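J.: Predicted model follows, preceded by the sequence.
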Amino acid sequence: MVAWLRGSHRLGSAEASRLVKVARALREQLPATAAGSGSDHQPESTPIADPEST
């Protein structure tokens, strides 16, 4: 996933790694997002707080 983010979105290695880390943490904390369940009323994108800044 890190390699894909780096290549497809031209992210640096550290930023790509950080995004993957956040996504994995969300997958563990929010099982419904991992299952892909959701309603048609969900926003297109949701801002994610940086776990290191909290």
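T.: Received, thanks.

J.: Counting neighbours, which bits of stretch 7-15 end up buried?
T.: residue 11 (16 or more other C-beta atoms under 10 Å). In this view, the C-beta of every residue, glycine as well, is placed from N, C-alpha and C.

J.: what separates the spatially closest residue to residue 16 that is not a sequence neighbour from residue 29, distance-wise?
T.: Taking C-beta to C-beta, 6 or more residues apart in numbering, and ignoring the residues beside it in sequence, residue 16 has residue 5 as its nearest neighbour in space, at 3.9 Å. According to C-beta to C-beta, to the nearest Å, residue 5 and residue 29 sit 21 Å apart.

J.: Name the residue in these two with the higher neighbour count.
T.: Comparing residue 5 with residue 29 by other C-beta atoms under 10 Å, the one with more neighbours is residue 5, at 19 against 9.

J.: and residue 11, what pLDDT?
T.: The model reports residue 11 with a pLDDT of 90.

J.: Give me the phi and psi for it.
T.: Backbone torsions of residue 11, given as degrees, to the nearest 10, read phi -90, psi 150.

J.: helix/strand/coil for the spatially closest residue to it that is not a sequence neighbour?
T.: Nearest residue to residue 11, sequence neighbours excluded (C-beta to C-beta, 6+ apart): residue 5, at 5.1 Å. Applying DSSP: H, G, I helix; E, B strand; the rest coil to residue 5 yields a three-state assignment of helix.
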